[in-house]
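Peer 1: pasting the structure only:
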């Protein structure tokens, strides 16, 4: 396995926009940095926007390591800025903030889960992710994606917003490694650590995403007075893709409050 610095140098990033402050966008599982492209174009009007292909996704390699090593690689590849993450990407961003707070000026977390606290439940999730990885290896990317986006979690996501063509750029090996190494079952929870975060945090959840809404509210309370929790009414888990205008409004209003 390459050292984290070497691995980070190989992570794929794209940069648009002219100047500071820098926004770093990290996508969800089975997506790539391109999933942010419409939002990135809007934000790039007055920010430098860096989109990252997470480990095992898009043009980035599989690091052969867990969420923590992936987070450090993302921090080294993207540099200092305001980090914005969705789902898996939000877990990466949260870990960057905990392990490299020097590079995270502030962060936005959409549909985040800081971890499964119960060891039995975490082991069950690890087994479930292993089963998904084996199904992916057996059936291939196309069949896996068809099943993945058909989950109730994405019931309100329009097919056009799901962007299956971009997700097909991912590989069996990359996605399977991500499930095994960066899934919520593969890593210990960080609930006990979030109270130490000092940077401003915006926690978002879709109003129809009740599970992650409850997690998001609890996380905001656990972080403390530097955290803000907002719900996007009528949106599901991928709220930024279902209601991009609302997402942009909430993020821009919050960005305007930063010192």
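Peer 2: Arrived safely, thanks for sending. Because the structure is a prediction, the values reported are computed rather than measured.
Peer 1: for residue 59, what are its contacts?
Peer 2: Applying Cβ atoms under 8 Å, 6 or more residues apart in numbering, we find residue 59 in contact with 12, 32, 53. C-betas here are computed from N, CA, C, even on glycine.
Peer 1: quick one: the second one and residue 170 touch, right?
Peer 2: Pointing back at residue 32 there. Yes: with contact defined as Cβ atoms under 8 Å, residue 32 counts as touching residue 170 (6.9 Å).
Peer 1: Can you pull out the low-pLDDT segments for the stretch 1-150 of the chain?
Peer 2: 1-9 (pLDDT under 70).
Peer 1: Run through the helices of it in chain order.
Peer 2: 4-10, 37-43, 67-78, 88-99, 119-139, 141-148 (DSSP state H, counting those that start in this stretch).
Peer 1: and among the ones you listed, the most buried is which?
Peer 2: helix 88-99 (a mean of 26; mean count of other Cβ atoms under 10 Å).
Peer 1: Can you name the residues in contact with that helix?
Peer 2: By Cβ under 8 Å, 6+ apart, the list of residues contacting helix 88-99 reads 24-29, 54, 67-68, 70-72, 74-75, 83-85, 103-104, 107, 109-114, 178, 182, 184, 190, 193-194, 196-197, 199, 201.
Peer 1: Make a PyMOL selection of whichever of those residues turn out to be buried.
Peer 2: With 16 or more other Cβ atoms under 10 Å as the burial test, the buried ones among the contacts of helix 88-99 are selected in PyMOL as follows:
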select buried, resi 24+25+26+27+28+29+54+67+68+70+71+72+74+75+83+84+85+103+104+107+109+110+111+112+113+114+178+182+184+190+193+194+197+199+201
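Peer 1: Please enumerate the shared neighbours of residue 32 and residue 170.
Peer 2: What both residue 32 and residue 170 touch, as defined by Cβ under 8 Å, 6+ apart, is the set 57, 58.
Peer 1: list the contacts for residue 83?
Peer 2: Here residue 83 is in contact with 23, 24, 26, 93, 96, 97, 104, 106, 107, 108 (Cβ under 8 Å, 6+ apart).
Peer 1: Tell me the spacing between it and residue 141.
Peer 2: Noted for residue 83: a distance of 28 Å to residue 141, by Cβ to Cβ, to the nearest Å.
Peer 1: Kindly report the same for residue 74.
Peer 2: 23 Å.
Peer 1: go on, residue 128?
Peer 2: 19 Å.
Peer 1: Check residue 158 too.
Peer 2: Counting by Cβ to Cβ - residue 158 and residue 141 are separated by 21 Å.
Peer 1: again with residue 114
Peer 2: Distance from residue 114 to residue 141, by Cβ to Cβ: 29 Å.
Peer 1: Same check on residue 231?
Peer 2: To residue 141, residue 231 is 33 Å away according to Cβ to Cβ.
Peer 1: for residue 49, same thing?
Peer 2: 27 Å.
Peer 1: can you check residue 66 too?
Peer 2: 23 Å.
Peer 1: just residue 21 next, same as before
Peer 2: From residue 21 over to residue 141 (counting by Cβ to Cβ), the distance is 36 Å.
Peer 1: again, but for residue 126
Peer 2: 22 Å.
Peer 1: do the same with residue 127
Peer 2: 22 Å.
Peer 1: and if you look at residue 80?
Peer 2: Residue 80 is 34 Å from residue 141, by Cβ to Cβ.
Peer 1: just residue 108 next, same as before
Peer 2: 29 Å.
Peer 1: Residue 220 too?
Peer 2: 35 Å.
Peer 1: so of the contacts of residue 83, which ones are in strands?
Peer 2: Residues of the contacts of residue 83 located in strands (DSSP state E): 23, 24, 26, 104, 106, 107, 108.
Peer 1: circling back: can you list the contacts of residue 83 in JSON lines and add distance to residue 246?
Peer 2: As requested, the contacts of residue 83 are exported to JSON lines (distance: Cβ to Cβ, whole Å):
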{"residue": "23", "distance to residue 246": "18"}
{"residue": "24", "distance to residue 246": "21"}
{"residue": "26", "distance to residue 246": "20"}
{"residue": "93", "distance to residue 246": "20"}
{"residue": "96", "distance to residue 246": "25"}
{"residue": "97", "distance to residue 246": "24"}
{"residue": "104", "distance to residue 246": "24"}
{"residue": "106", "distance to residue 246": "20"}
{"residue": "107", "distance to residue 246": "19"}
{"residue": "108", "distance to residue 246": "13"}
